[in-house]
Every structure is written in C-alpha cells, then in structure tokens.
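In: below is the sequence, then the predicted model.
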Amino acid sequence: MHELALATAIRDTVLRQAEGRRVSTVRMRVGTMRQVVPDSLDFYFGVVARGTLCDGSRLELEVTPSVLRCEACGDSWQLEAPSFRCPSCDRPKVELVSSGELEVESIDVEEGAECIEPR
C-alpha cells in the first residue's frame with residue numbers, strides 16, 4: 001500500500017512543476033527494485049489527483065530493469081533472478097547500477113492555459 005504515499009508525493013511534485021497549469025500526462029521511470037505495483041500506483045494517482053490540476057491526467061510508467069555490475073571484473077548484467085553473484089567471474093562483490101529509480105521524467109501541461117492557482 002506504499003503506492004498511496006508514492007502517488008501523493010508524485011502529485012505534489014507535479015503540481016509544483018506545473019505552476020498552476022492543468023496537467024494532462026505524467027511520465028515516470030520506476031526501477032524494479034522499488035517494488036511498485038504499476039496498476040496500484042496508477043489507481044492511487046487517480047485518487048489523489050481528484051480535485052487538483054492533475055485530475056484526469058495519464059500516468060505513464062516506464063519500468064526500468066535492475067542492472068548490477070561486478071566490482072571485481074567490471075561486467076554488468078540485468079538481474080533476472082535473485083542472485084547477486086557475477087555471472088562472469090562468480091564473485092559476490094557487486095553494486096546496483098540501476099533499478100532504484102523513482103523519477104518524474106516529464107509532464108505535459110495545457111499550453112496557453114492561464115494560471116488558475118495562486119503561486
């Protein structure tokens with residue numbers, strides 16, 4: 001249920017950036033290690049957006065894969081199974097390169113629309 005808290009934070013971020021203009025689309029990158037259920041996040045975003053300038057906007061999620069890199073040999077790979085050993089040299093010393101993302105990539109706002117909220 002942490003998707004409700006995430007949706008609220010996303011809405012607040014988007015509203016700050018929209019500067020009083022109606023929002024039509026929110027594009028996000030979400031790493032697989034964030035353990036976000038996309039359908040739940042979309043549902044809760046719709047709930048918390050009601051009555052705001054995000055009301056009726058689309059939430060587009062790009063789910064990014066987990067990428068690890070071996071600190072010993074430098075090889076990198078996408079994590080498909082819960083194994084944190086390098087497939088090249090079998091050493092366990094690896095670092096997470098990507099997958100923790102939770103980023104608003106961009107928003108679409110109505111162009112030419114007057115600011116309807118006080119700044």
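Out: Structure received. Every value quoted in this text rests on a predicted model; they were computed, and no experiment measured them.
In: pLDDT at D39, what is it?
Out: With respect to pLDDT, D39 has a value of 93.
In: how near is it to V67?
Out: As judged by C-beta to C-beta, to the nearest Å, D39 and V67 stand 24 Å apart. For glycine as for every other residue, the C-beta is placed from the backbone atoms N, C-alpha and C.
In: quick one: which of those two has more around it?
Out: V67 (16 against 10; other C-beta atoms under 10 Å).
In: pairing partners for the more buried one in the sheet, please.
Out: With DSSP bridges applied, V67 shows beta-bridge pairing to Q78, S98.
In: close enough to count as contact, it and D75?
Out: No: the criterion here is C-beta atoms under 8 Å, and V67 misses it with D75 at 11.0 Å.
In: let me see the mean pLDDT of whichever helix in the chain runs longest.
Out: Secondary structure assigned by DSSP state H gives helix 2-18 as the longest helix of the chain. For helix 2-18, mean pLDDT is 95.
In: what does the next helix or strand after it rub up against?
Out: Per DSSP states H and E, the first helix or strand lying C-terminal to helix 2-18 is strand 23-31. Outside strand 23-31, the residues within contact range by C-beta atoms under 8 Å, 6 or more residues apart in numbering are 10, 14-15, 36, 38, 41, 45, 53-54, 56-64, 66, 98-110.
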